[in-house]
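Colleague: below are the sequence and a predicted model; questions follow.
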Amino acid sequence: MAAAATAGLLAAAPAAKAADYPAMSFNMAHFLPQTYGGAEWEQWWADELRKRSDGAIDVTIFWAGSLGGAMEILDLVGSGAVPLGVSAQGYFLSDLPVAGTAGNLMMRTHTGPADSLDTWRKFLEDPQVRKELDEAGVVELTGQAANPYKLTCAKPVRTVADIKGLRVRVPGSYMPEWWASLGAVPVSVPLAEQYEALQKGTIDCAYSPLDQIFSTRLDEVAKFAIDLSTGSHLTWNIFMNKDAWEALPQPVRDLMTEVSEDMMSELVAYNEALAKRTIEETIPAHGMTYVTFEEKDKADAEALDTISLWVERLTDQGLGETARRLEPILREKRAAFHD
């Protein structure tokens, strides 16, 4: 994706005629099960490629880590062991210290999926991000941007005092530090085990977009959804091997870029409608209570500034110039953030 990755998926050229597409087959390693909320978009991507190429381009998705686990996919794709892979760029901060944080990790910064994807595209234009992706041997064809992350809890959480001592399943970095700064106790629990952890009382709250509650059946063990939004985050990406991308005929690259852009536009519109439907219809239909968090301003005043922490950490890695160059993008998003 020399042009597309470095320029943030430039506007797609008109699709070529189906006759221009040679027969091609690709395997895609996916780190999630097919039933996980949001995973349907990679299937949409594969289906649209097949449809728009009149069946010439076929992508077979291997779900649930069957072709490579979440932490393996970047290396597998970068080495050419598999041509396509889906995982979260935030898992690879040692290889992608700047790219891995695009549209991600910055708490109460991105109001919705459109904001997260806008940051991701702007980061893709940065020379340091291009360098990281080139050295990893990959291009990023898409970004998945989730609805705002909120708590799903076994008890109501209405104030900052209620957060103190709250055991929250939180992944990655930055997110745990933010919750800890408000007095919560971040707990590392694999995604597949959070149902059991809530059921046993090992954790008090899960932490994800509320629409993901139901694909993982958390509504059975946690009856309170909390309206404190920590913002939308970029969740995962379609990676393609860089050499494989550059070897594609131009019409195929154009089509993949077109389908990628269309996928992201479709998911933004879908997620906005889904968030509204989840709060107004799905949560009450499943016997859950949507709890109003009453001290958002106080939480903002007391919580860790994850953007400053990000700048500090990148500076310690010798990437301070890059951090300062990109920080205004994040500050602008945070200034416009709203629950």
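Modeller: Yep, it's here.
Colleague: and the closest residue in space to residue 143 that isn't next to it in sequence, what does it touch?
Modeller: Once flanking residues are discounted, residue 143 sits nearest to residue 120: 4.4 Å by CB to CB, 6 or more residues apart in numbering. Yep, even glycine has a C-beta here, placed from its N, CA and C like the rest. If you count contacts by CB atoms under 8 Å, 6 or more residues apart in numbering, residue 120 has them with 8, 102-103, 143, 145, 234.
Colleague: in a markdown table: these, plus distance to residue 207 and pLDDT.
Modeller: Formatted as a markdown table, those follow (distance: CB to CB, whole Å; pLDDT from 0 to 100):
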| residue | distance to residue 207 | pLDDT |
| --- | --- | --- |
| 8 | 29 | 35 |
| 102 | 20 | 89 |
| 103 | 17 | 78 |
| 143 | 20 | 97 |
| 145 | 17 | 94 |
| 234 | 16 | 93 |
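Colleague: so which pair among those is furthest apart in space?
Modeller: For those, the farthest-apart pair by CB to CB is 8 and 145; their separation is 14.1 Å.
Colleague: who has more neighbours, those two?
Modeller: residue 145 (27 against 20; other CB atoms under 10 Å).
Colleague: hmm, back to that, got phi/psi on the residue nearest to residue 143?
Modeller: phi -60, psi -50 (degrees, to the nearest 10).
Colleague: please tell me how far it sits from residue 102.
Modeller: The gap separating residue 120 from residue 102 is 5 Å, by CB to CB, to the nearest Å.
Colleague: show me the common contact partners of the two, please.
Modeller: With CB under 8 Å, 6+ apart as the test, residue 120 and residue 102 both reach 143, 234.
Colleague: quick one: contacts for residue 96?
Modeller: Counted by CB under 8 Å, 6+ apart, residue 96 has contacts 74, 89, 132-133, 136.
Colleague: now it: which helix or strand?
Modeller: If you go by DSSP states H and E, residue 96 is not part of any helix or strand.
Colleague: ok, residue 35 touching residue 214?
Modeller: No. Taking contacts as CB atoms under 8 Å, residue 35 lies outside contact range of residue 214: 10.9 Å.
Colleague: neighbour count: the two, which is higher?
Modeller: Just comparing residue 35 and residue 214: by other CB under 10 Å the higher neighbour count belongs to residue 214, 17 against 11.
Colleague: which ones are touching the residue most central in space within the chain?
Modeller: Centroid-nearest residue in the chain, with CA atoms, centre = their mean: residue 235, separated by 1.1 Å. If you count contacts by CB under 8 Å, 6+ apart, residue 235 has them with 38, 88, 104, 144-146.
Colleague: if we go to 6 Å?
Modeller: Each residue near residue 235 by CB atoms under 6 Å, 6 or more residues apart in numbering is listed here: 144, 146.
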